Every structure is written in structure tokens, then in C-alpha cells.
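Undergrad: Just a sequence and a predicted model for now, questions to come.
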Amino acid sequence: MLTLGRCLKLRCPVCGDASIVHRPFNLKHHCDACGVIFKREEGFFVGAIMANVVVTEFFILDIYFVCLLLTNLSDRATLGILFAIAITFPLAFYHHAWALWLGMDHLIEGLPREPSRP
């Protein structure tokens, strides 16, 4: 639960002291505090991309059912709302998907550290 909280705050899943974000849409190579490596081998974050897509799809479905059951919007208005969500939600959830993927990897097998760090 502690790791999940750190990931949702976009902090290092190991120590929670440093941010994992270098700048928008760019992850730091390693944690400034504990030296854990965030950027891994090529293809490591395909799972994070997949998680972002799946969460986006479920979020769109949830909003669709809310619009269908609780509002009286036309089909055109509903599709406009869903289209806007389909564009903005994956961008907003991008860093969180990566952080959660890092957190899962930390819980399953542990994250490697830089060789010069203890």
C-alpha cells in the first residue's frame, strides 16, 4: 500500500523521496535519493503503455454508461465527450501508468540500483 501511494504521488517506489518525472513525458534515469534505476532495457515499459490503454478504455466505458443512464444527451454530444476524454485522459494518466508499472516491478522483483550506490 505504501508503494502504491508513492506511485500515485509520482515518487520513487523504493524510497518515496525523489520524483520519477524529469519533465513532462520524460522519466528520470534514476532516483536522486536512493539510486534506483527507473529507465530500464528497451521494451520494459510496454506494459505501462498497455496499462494506460486499458485504463483509458475502462474510463471511457464508465463515462459512456454514466452519460447513457444519467443524462439526456444526444448521441453526437456523448461521442464528443467521449472523444475529448479519449484524447486527454491517456495524456493525463501517462506518468501515473509508468509509476504504477515501476511500483509493480519493485514489488515483484525489486528495482536495480546504480553500481556506484549502496
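TA: Thanks, I have it.

Undergrad: This protein: helices as residue ranges?
TA: 2-8, 46-70, 75-108 (DSSP state H).

Undergrad: By mean pLDDT, point me to the weakest helix or strand of the protein.
TA: strand 26-27 (a mean of 87; mean pLDDT, DSSP states H and E).

Undergrad: who's in contact with it?
TA: 20-21, 38-39, 95, 98 (CB atoms under 8 Å, 6 or more residues apart in numbering). In short, each C-beta sits where N, CA and C put it, glycine included.

Undergrad: same thing but at 10 Å, please
TA: Contact with strand 26-27 is made by 10, 19-21, 38-40, 45, 48, 94-95, 98-99, 102, as judged by CB atoms under 10 Å, 6 or more residues apart in numbering.

Undergrad: Check those for the minimum pLDDT and say which it is.
TA: For the contacts of strand 26-27, the model is least confident at residue 40; its pLDDT is 79.

Undergrad: Can you give me the neighbour number for it?
TA: As a burial measure, residue 40 scores 15 neighbours (other CB atoms under 10 Å).
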